[in-house]
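Peer 1: only geometry, no sequence info:
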Ligand code: G4P
């Protein structure tokens, strides 16, 4: 198969949901559908052994949260799916944001009893900002659910998104009988086997015509189903693929992740309607270009760095989302800043396993082991002159001064903080005056994770204390002299980030506003996109 056909059969997506809606259960059953794992429960079980090997992940286990995002690839119906896992905890929203830059589509999982919850809304907004099309999976239909029409109304109202059901459920909870495939007019029967593990395999299908449904369903359920469908058909728009791709409409699939119902249907919806690897905006030699999946030359961007995936090695792994061409093991790729890498051991992630990738195509995510050369936002290409746009750094919401218990280890501390900042989850700022190391993060939990990792990986006992600053803003100006003068005048309230870019460090937002007003030629920004 050519790289063009290979790219066309890729679907790269992420799952967004509020905690407890069923993301983990759905992930597990998606992998099962793809044959990537053998039995339900194995993701969790393997996760357990992995965690016991890795000290710093103790915090994940203690808190029952997943700190790091990863990717899982599997095949289904002749399509290759790359599922990007987004961390669930809200302190890691920046990481989630970056992961979504690498996805072409998202699956929004809703709990059928709860509808849209706060975290769903937040993540949805990120998808909207990036025009990522969304498929909605209404989960837990085997429990008492809200009326389907009122759930869809809520999606429409809160997300300003048209809803187009591809299926319609027959009741819910104890009476849940299955769902009608509205496109094929086939009814998928839900069978609950009390006391047995979830039934793995396709649901039994019967014809969806009125007579067959009437003969097979409980009369009340039949009535509910036909009334519901009639209302849905008269009140809701028909599915329109263009509106979906443009992010204005979401197709709806119902199911029960726990009971493996609707899982295969969700995957079919993804391969039938979700976009293949999409065009990516980039710059080449100062010009804005679009990189197409069909372009023959290999290119991609790093959206995440993970350290110590294997505690026996000090390596870190850069997650590279490929955007074009046919990648082959051993290839030499270059960053736009001129660094060269021979990629001898590219990793593919099948469920929780890693394998060496011999080839990979647009849409795939490969892990590139490196010793710190690669950074979040780096672009890699054969030519070395492509820089992808749009992987921002966010101004952190919390700033802390880092101190190490043993003052002799201050140098080690700086190295360790730099290393962690290179992963892209936290930031390190160096004020112009003094020797403070100011660490920025989006949430308190990240400081706790850092304390654990500092002990486990670097043997440093670190404390994070209140800093003299609470707000950081990147500075830029079209007039370099103006910027220079500003930095000179504000020595005690400025510094630089890991890349040496100038940053204004202020006590509060009011100070930022005041400085902005006094210095109209200078831009104070809360995000910084990596450029060359
Ligand atoms: P999350 O990753 O989104 O946080 O959710 P997770 O999959 O862990 O699911 C949260 C709870 O909801 C779990 O129950 C899970 O079994 C249950 N669940 C998920 N999908 C369904 C479904 O389709 N139907 C029903 N009835 N339950 C579902 P738990 O009791 O918290 O955990 P566990 O002890 O069952 O693992």
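Peer 2: Noted; the coordinates are in hand. As the structure is a computational prediction, the values presented were derived from the model and not from experiment.
Peer 1: Please count neighbours and contacts with C-alpha atoms only from this point.
Peer 2: OK.
Peer 1: Spell out which parts of the stretch 51-200 of the chain neighbour the ligand.
Peer 2: Within the stretch 51-200 of the chain, the positions near the ligand by Cα under 6 Å from any ligand atom are 139, 140, 142, 143.
Peer 1: Can you report how many residues neighbour whatever residue of the stretch 401-532 of the chain ends up closest to the ligand?
Peer 2: Ranked by Cα to the nearest ligand atom, the top residue of the stretch 401-532 of the chain for proximity to the ligand is residue 445, at 17.7 Å. Neighbourhood size, residue 445 [other Cα atoms under 10 Å]: 16.
Peer 1: following the helix or strand hosting it, which helix or strand comes up?
Peer 2: Assigned by DSSP states H and E, residue 445 falls within helix 444-458. As assigned by DSSP H and E, the chain's next helix or strand after helix 444-458 is strand 462-466.
Peer 1: immediately after that following strand, which helix or strand?
Peer 2: According to DSSP H and E, the helix or strand after strand 462-466 is strand 471-476.
Peer 1: got the angle between the helix or strand just after that following strand and strand 471-476?
Peer 2: Remark: after strand 471-476, the chain's next helix or strand is helix 480-489, criterion DSSP H and E. Angle, helix 480-489 to strand 471-476, by axes from the mean of the first three to the mean of the last three Cα atoms, to 10 degrees: 150 degrees.
Peer 1: can I assume residue 322 sits in a strand?
Peer 2: Yes: if the criterion is DSSP: H, G, I helix; E, B strand; the rest coil, then residue 322 is within a strand.
Peer 1: Now it. Nearest residue, chain neighbours left out?
Peer 2: residue 300 (4.1 Å; Cα to Cα, 6 or more residues apart in numbering).
Peer 1: Beta-bridge partners for that neighbour, please?
Peer 2: residue 322, residue 380 (DSSP bridges).
Peer 1: right, and it touches residue 324 too?
Peer 2: Yes: Residue 300 is within contact range of residue 324, at 7.1 Å (criterion: Cα atoms under 8 Å).
Peer 1: of the two, who's got more company?
Peer 2: Applying other Cα under 10 Å to residue 300 and residue 324 shows that residue 300 carries more neighbours, namely 32 against 29.
Peer 1: Report the contact partners of that one.
Peer 2: Contacts for residue 300 (Cα atoms under 8 Å, 6 or more residues apart in numbering) come out as 320, 321, 322, 323, 324, 379, 380, 381, 388.
Peer 1: tell me which helix or strand of the chain sits lowest on mean pLDDT?
Peer 2: Least confident helix or strand of the chain, by mean pLDDT, DSSP states H and E, is helix 42-53 with a mean of 39.
Peer 1: For residue 191, grab the count of nearby residues.
Peer 2: 16.
Peer 1: Let's verify it: helix, strand, or coil?
Peer 2: Here residue 191 takes the coil state, with states given by three-state DSSP.
Peer 1: what's the closest non-adjacent residue to it?
Peer 2: residue 177 (7.4 Å).
Peer 1: Show me the contact partners of the longest helix anywhere in the chain.
Peer 2: Criterion DSSP state H: the longest helix present in the chain is helix 219-235. Contacts with helix 219-235, where a contact means Cα under 8 Å, 6+ apart, come from 149, 168, 169, 170, 171, 175, 177, 213, 214.
Peer 1: I'd like to know which elements the helix or strand that it is followed by is packed against.
Peer 2: Note on helix 219-235: by DSSP H and E, the next helix or strand toward the C-terminus is helix 241-245. Packing partners of helix 241-245 (3 or more Cα pairs under 8 Å, 6 or more residues apart in numbering; DSSP states H and E): strand 249-254.
Peer 1: so how far is the strand it packs on from its chain's centroid?
Peer 2: A distance of 20 Å separates the centroid of the chain from that of strand 249-254, by Cα atoms, centre = their mean, to the nearest Å.
Peer 1: Just list what that strand packs against, helices and strands only.
Peer 2: strand 134-139, strand 162-165, strand 167-170, helix 241-245.
Peer 1: taking these together, which one is wrapped up most tightly?
Peer 2: Ranked by mean neighbour count, these are led by strand 134-139 with a mean of 26 (mean count of other Cα atoms under 10 Å).
Peer 1: Let me see the residues that make contact with that strand.
Peer 2: With Cα under 8 Å, 6+ apart as the criterion, strand 134-139 contacts 21-22, 105-112, 244, 247, 249-257, 266, 270.
Peer 1: can you state the direction angle for that strand and strand 249-254?
Peer 2: Going by the same axes, to 10 degrees, strand 134-139 makes 20 degrees with strand 249-254.
Peer 1: so what strands line up beside strand 134-139?
Peer 2: Strand 134-139 is paired, per DSSP bridges, with strand 105-111 (parallel), strand 249-254 (parallel).
Peer 1: Which positions in this structure make contact with the ligand?
Peer 2: 19-25, 139-140, 142-143, 256-259.
Peer 1: sorry, back to before: what mean pLDDT does the longest helix of the chain have?
Peer 2: Computed over helix 219-235, the mean pLDDT rounds to 95.
Peer 1: how far away is residue 396 from residue 187?
Peer 2: 50 Å (Cα to Cα, to the nearest Å).
Peer 1: Among the two, which residue is more densely surrounded?
Peer 2: residue 187 (25 against 21).
Peer 1: Which strand or helix spans that one?
Peer 2: With DSSP H and E as criterion, residue 187 is part of strand 186-189.
Peer 1: I'd like to know which elements the next helix or strand after that strand is packed against.
Peer 2: Once strand 186-189 ends, the next helix or strand along the chain (criterion: DSSP H and E) is strand 205-207. Contacts defined by 3+ Cα pairs under 8 Å, 6+ apart place strand 205-207 against strand 186-189.
Peer 1: tell me what the strand it packs on is packed against?
Peer 2: Strand 186-189 packs on strand 178-181, strand 205-207, going by 3+ Cα pairs under 8 Å, 6+ apart.
Peer 1: try 10 Å this time
Peer 2: strand 167-170, strand 178-181, strand 205-207, helix 210-216 (3 or more Cα pairs under 10 Å, 6 or more residues apart in numbering; DSSP states H and E).
Peer 1: how about the ones you listed, which one is nearest residue 366?
Peer 2: Between residue 366 and the helices and strands packed on strand 186-189, the tightest spacing by Cα to Cα is seen for strand 167-170, at 34.7 Å.
Peer 1: Give me the contacts around that closest one.
Peer 2: Strand 167-170 has contacts (Cα atoms under 10 Å, 6 or more residues apart in numbering) with 141, 147-149, 176-190, 217-218, 220-226, 228-229, 232, 251-255, 262, 265.
Peer 1: Please repeat the previous calculation with a cut-off of 8 Å.
Peer 2: 148, 176-183, 221-222, 224-225, 228-229, 252-254.
Peer 1: among these, which ones are buried?
Peer 2: Burial by neighbour count, judged by 16 or more other Cα atoms under 10 Å, picks out 148, 176-181, 221-222, 225, 228-229, 252-254 from these.
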